[in-house]
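Enquirer: Next input, structure requested:
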Amino acid sequence: MKSALLALLLVAASAQAQMELDWSAALDEGALALKNAQYVKALEIDERTIADMLARLGAKSEPQFAVAVAQKAEALEGLGRGNDARMFRRLARHLGANVPNEDRPMVRESPPLRVGGDVTAPVALKRASPRYAEGARKARIFGVVIVESIIDKNGVIRDAEVRKGLAPTLDYAAVDAVRQWRFIPGRLKGEVVSVLFDLTINFKLVADEDENMPRY
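Expert: Numbers count the residues shown, from 1 in each chain. Prediction:
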């Protein structure tokens, strides 16, 4: 009995080691693409690697996941998608990646106002549902991720940062979703303004026939 259990543990450990080697190889390939300014290729590699990690990782904090997110941010920057790049850089730091802090302000206009008092909250016009990472779903991880966001005068999210995390893969899913949202902008005494607003993403597991399925 003990020998059978030991054999299973060895197989699992071997599979884990191979998986991490595969991720390392993919990250090296992505880093080379970035070095050669092949940003489209790098983004494709990083997104493919992240998708695999989302399917496999549960609550574990995996350094390779943070590196993949940081590389995705660099690829987005190279493609001129500065707002998205900034959000994913912040997320990579939140996940533990060694990403330098930025000196640039989050929004190049008047500082955003915190919603409350005379400052009205923006109203969501378009929402993108976050992907409930399969690894987190299988591990039965659920709860709330709070993303502090700057929503500009055009109703676009210009920056976002996780203030209350849940699990690395779900934090990623939350940021990846909210950056796509669009809003009727907030107002101060009738005038459109940029606002600082907390968005709450609730990951729930609900019973659906024979298995637990995600709901947002």
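Enquirer: mind giving me the domain split of this protein?
Expert: The chain is divided into the following domains under automatic domain parsing: 1-101, 112-216.
Enquirer: Go through the ones you listed and find the least confident stretch.
Expert: For those, mean pLDDT drops lowest on domain 1-101, to a mean of 82.
Enquirer: Run the chain-centre distance for it.
Expert: Relative to the centre of its chain, domain 1-101 is centred 12 Å away, using CA atoms, centre = their mean, to the nearest Å.
Enquirer: Would you mark the buried spots in stretch 51-71?
Expert: 52-54, 56-58, 62, 64-71 (16 or more other CB atoms under 10 Å). All C-beta spots, glycine's among them, are computed from the backbone N, C-alpha and C.
Enquirer: and for that stretch, what are the contacting residues?
Expert: The contact list for stretch 51-71 (CB atoms under 8 Å, 6 or more residues apart in numbering) reads 19-20, 23-24, 27, 30-31, 34, 42, 46, 49-50, 88-89, 91-92, 95-97, 99, 131, 133-136, 138-139, 141, 167-169, 172-173.
Enquirer: Now, of those, which are buried?
Expert: Buried subset of those (neighbour count, 16+ other CB under 10 Å): 23, 27, 30-31, 34, 42, 46, 49-50, 88-89, 91-92, 95, 97, 99, 131, 133-136, 141, 167-169, 172-173.
Enquirer: for the residue nearest to the spatial centre of the chain, helix, strand, or coil?
Expert: The structure's the chain has its C-alpha centroid closest to residue 172; by CA atoms, centre = their mean the separation is 1.9 Å. Under DSSP: H, G, I helix; E, B strand; the rest coil, the three-state class of residue 172 is helix.
Enquirer: This completes my enquiry, with thanks.
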